[in-house]
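Colleague: following is a predicted model, sequence given first.
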Amino acid sequence: AQSVAQPEDQVNVAEGNPLTVKCTYSVSGNPYLFWYVQYPNRGLQFLLKYITGDNLVKGSYGFEAEFNKSQTSFHLKKPSALVSDSALYFCAVRDITSSASKIIFGSGTRLSIRP
Amino acid sequence: NAGVTQTPKFRVLKTGQSMTLLCAQDMNHEYMYWYRQDPGMGLRLIHYSVGEGTTAKGEVPDGYNVSRLKKQNFLLGLESAAPSQTSVYFCASSSWTGNYEQYFGPGTRLTVT
């Protein structure tokens, strides 16, 4: 069965410092991996995805993610955090048992950036 | 282009009451989904649809029904609400092109007392 795990419920970072939000995956075959962000009282927004190609994927708002096959990880990163990055972040993986573009979400990591 | 919209935004029900949540999308997407979000559990898929007139069960379908009579609309029904259905409900849509990007509505916060 496919799944993703986000080992940290909360990550706290000072503004201007680099940030990392961790995600590990368990899939059969080639993984399609995603990051979504949820700002307070809003729906989820797509940030970036990895399907194939370069292991470093760039996305919206200056975020990037590094795919590491040997460590089965897909960590979200940003070189310099902003207070406005504070939100709930979800890692997700394609559900290969379905042809309906279904994805499976992790439990989420709350990112808090302090001024 | 409004994207994905949901009505209502908030609702309080008493146990046993029924209601319907409406989702509409204007992107001509084939696939639509209903999720519930509970603290610490991420998003769990309730039901989904691959096209007009078709629906399928997701991970947590019990207590819910859905209908997709028009391509742009996806309705989620609770026939007899229970406190365990207190949650935030999100609708999403995506195209058939296989890019797996889902577009989400703003959510409906439902409380069942």
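Modeller: Here it is on my side, so go on.
Colleague: hey, let's count contacts and neighbours off CA atoms from now on
Modeller: Noted.
Colleague: get me the contact residues on chain A for chain B.
Modeller: Residues of chain A lying near chain B by C-alpha under 8 Å from any C-alpha of the partner chain: A:9, A:41-46, A:90, A:94, A:100-108.
Colleague: which ChimeraX command selects the buried ones in those residues?
Modeller: Applied in ChimeraX, the following selects the buried portion of those according to 16 or more other C-alpha atoms under 10 Å in any protein chain shown:
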select /A:43,44,45,46,90,94,100,101,102,103,104,105,106,107,108
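Colleague: give me the residue from chain B nearest chain A.
Modeller: In chain B, the residue that lies nearest chain A is residue B:42 (3.9 Å; C-alpha to the nearest C-alpha).
Colleague: wait, a strand at residue A:16?
Modeller: No: counting by DSSP: H, G, I helix; E, B strand; the rest coil, residue A:16 is not part of a strand but coil.
Colleague: and it, what pLDDT?
Modeller: Listed pLDDT for residue A:16 reads 97.
Colleague: now do the same contact list for it.
Modeller: A:79, A:80, A:81, A:82 (C-alpha atoms under 8 Å, 6 or more residues apart in numbering or on different chains).
Colleague: in chain B, which ranges drop under the pLDDT threshold?
Modeller: Counting by pLDDT under 70, chain B contains low-confidence residues at B:1, B:98.
Colleague: please identify the residue most distant from the middle of it.
Modeller: Ranked by distance from the centre of chain B (C-alpha atoms, centre = their mean), the top residue is residue B:97, with 21.4 Å.
Colleague: that older thread, out of the residues of chain A next to chain B, which are inside strands?
Modeller: Assigned to strands by DSSP state E, the following of the residues of chain A next to chain B qualify: A:44, A:45, A:46, A:90, A:94, A:103, A:104, A:105.
Colleague: quick one: residues contacting the first one.
Modeller: Translated: residue A:44. A:36, A:37, A:38, B:103, B:104, B:105.
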